[in-house]
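Participant: Pasting the sequence and the predicted model now:
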Amino acid sequence: MDQSARGWISGLAGVAIFSGSLPATRVAVMQFDPVFLTVARAAIAGLLALGLLFAFKEKRPTRDDFISLVIVSMGVVVGFPLLTALALQHVTSAHSIVFIGLLPLATAMFGVIRGGERPKPLFWLFSALGSAVVAGFAAFQGLAASPVGDGLMLAAIIVCGLGYAEGAQLSRRLGGWQVISWALVLSLPVMIALAIVSMPPTFSGIEAPAWIGLAYVSLFSMLIGFFFWYRGLALGGIAAVSQLQLLQPFFGLALAATLLHEPVTTTMLVVTIAVILCVAGARKFAKSSSSPGRDEKGHADVCTTRIP
């Protein structure tokens, strides 16, 4: 199996795991404060990541990696979880899931800015079409009904796209699971302190579904999912593999309907199918002039050997 195929398979596994994030967050935020949920999930995942780094005796990142790790931390450890948790106080997870269709475009754009990738012009056409479908859906639903929720989701998409692209670049040097682990550890002292400060006075009224939601976003959404996702982006290319995120609304809507019994309208399904068709078109034209892991002359880049 070639490098690109391994990247797509790993990326798809990451997308499948992330698909449960918004439904799990929706369940958890019904009983946990959004700020506490954000810092608690990061603190739990950070402690687990610290244990992994010690267990495998991973060497510390260099000073040159520090800024990138800060960007990853602010984007996917703090920014996206907090903004989505706040948004889900105003909109349903089924509504918010469709905004995930904007992530591929955001990630691809930051991949160009931060990673130097150069997809073909038709790639941007299909990516823009997918984004337009999502934006049209939001307008059709009525942005005036919850401008705060939709605004928070759009902000979450931007910071997450930056965190994905930056982490993918760094994964080529450090490895996929190492990047998210170091980003979590970097923010761990602050997250633990904020978790203590924002902790509810009592947990006696918290029911099992909320605890399960917290466990899922801490273990899978915040840690395990990134093992697969960053590896996929690094191997298959940021712009190309990021288009798999357009499948996430489909998985997420199924979970929202099955687990949360939230209404999934015909419009939502049509939008989901439309963005899936867009990913097929974008994937065809996503290949950069130079493949990830190779230099301009086609020689293998030794940094890719760091990816587990």
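Facilitator: Now that the structure is in, tell me what you want to look at. Numbers count the residues shown, from 1 in each chain.
Participant: Which parts of the helix or strand containing Pro249 count as buried, going by neighbours?
Facilitator: In this structure, Pro249 sits in helix 248-259 according to DSSP states H and E. Residues of helix 248-259 classed as buried by neighbour count (16 or more other CB atoms under 10 Å): Gln248, Pro249, Phe250, Phe251, Gly252, Leu253, Leu255, Ala256, Leu259. Using the backbone N, CA and C atoms, a C-beta is placed for each residue, glycine as well.
Participant: what about the third one, distance to Ile97?
Facilitator: Right, the one you point to is Phe250. 9 Å (CB to CB, to the nearest Å).
Participant: circling back: any chance of the buried residues of helix 248-259 in CSV, plus pLDDT and distance to Ile17?
Facilitator: What follows is these, written out as CSV (pLDDT from 0 to 100; distance: CB to CB, whole Å):
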residue, pLDDT, distance to Ile17
Gln248, 80, 10
Pro249, 73, 15
Phe250, 74, 14
Phe251, 82, 10
Gly252, 74, 11
Leu253, 73, 16
Leu255, 78, 11
Ala256, 73, 16
Leu259, 77, 15
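Participant: quick check, nearest of those to Pro147?
Facilitator: Ranked by distance to Pro147 (CB to CB), those are led by Pro249 at 20.8 Å.
Participant: contacting residues for the closest one?
Facilitator: Pro249 sits next to Ile97, Val98, Ile100, Gly101, Val271, Thr272, Val275 when contact means CB atoms under 8 Å, 6 or more residues apart in numbering.
Participant: centre of the chain versus the helix or strand that contains Met109, how much separation?
Facilitator: Take DSSP H and E as the rule and Met109 turns out to sit in helix 103-115. Relative to the centre of its chain, helix 103-115 is centred 13 Å away, using CA atoms, centre = their mean, to the nearest Å.
Participant: Check the offset of stretch 118-134 from the chain's centre.
Facilitator: 19 Å.
Participant: Tell me which residues are up against that stretch.
Facilitator: By CB under 8 Å, 6+ apart, stretch 118-134 touches 98-99, 101-102, 104-105, 108, 112, 239-240, 243, 246, 271, 274-275, 278-279, 281-282, 284-289.
Participant: where along the stretch 201-308 of the chain do the helices fall?
Facilitator: In the stretch 201-308 of the chain, the helices defined using DSSP state H, counting those that start in this stretch lie at 208-216, 225-236, 238-242, 248-259, 266-284.
Participant: among the ones you listed, which is nearest Gly7?
Facilitator: Among those, helix 225-236 comes nearest to Gly7, with 2.4 Å by CB to CB.
Participant: For the helix holding Met109, what does the pLDDT average out to?
Facilitator: Taken as a whole, helix 103-115 has a mean pLDDT of 85.
Participant: what does stretch 68-75 give?
Facilitator: 95.
Participant: Now that stretch: buried residues?
Facilitator: Neighbour-count burial for stretch 68-75 [16+ other CB under 10 Å]: Ser68, Leu69, Ile71, Val72, Ser73, Met74, Gly75.
Participant: so the fifth one sits right up against Val185, yeah?
Facilitator: Read that as Ser73. No - with contacts counted by CB atoms under 8 Å, Ser73 stays clear of Val185, the gap being 9.2 Å.
Participant: same for the helix or strand where Val159 lies, what does it pack against?
Facilitator: Here Val159, judged by DSSP H and E, is contained in helix 147-174. In terms of contacts (3 or more CB pairs under 8 Å, 6 or more residues apart in numbering; DSSP states H and E), helix 147-174 is packed against helix 63-72, helix 80-87, helix 93-99, helix 103-115, helix 176-198, helix 225-236, helix 238-242.
Participant: Could you look up the SS state of the spatially closest residue to Gln178 that is not a sequence neighbour?
Facilitator: Excluding its sequence neighbours, the residue lying closest to Gln178 (CB to CB, 6 or more residues apart in numbering) is Glu58, at 5.7 Å. Counting by DSSP: H, G, I helix; E, B strand; the rest coil, the backbone at Glu58 sits in coil.
Participant: And Glu58, what's its pLDDT?
Facilitator: Reported pLDDT for Glu58: 92.
Participant: roughly how far apart are it and Leu174?
Facilitator: Applying CB to CB to Glu58 and Leu174 gives a distance of 8 Å.
Participant: Please apply the same query to Arg6.
Facilitator: 18 Å.
Participant: Of those two, which one has the most company?
Facilitator: Leu174 (25 against 15; other CB atoms under 10 Å).
Participant: Quick one, grab the pLDDT at that one.
Facilitator: For Leu174, pLDDT reads 90.
Participant: from what I can see it touches Arg60, true?
Facilitator: No - Leu174 is beyond contact range of Arg60, at 10.1 Å (criterion: CB under 8 Å).
Participant: can you give me how far stretch 47-64 is from the chain middle?
Facilitator: 21 Å.
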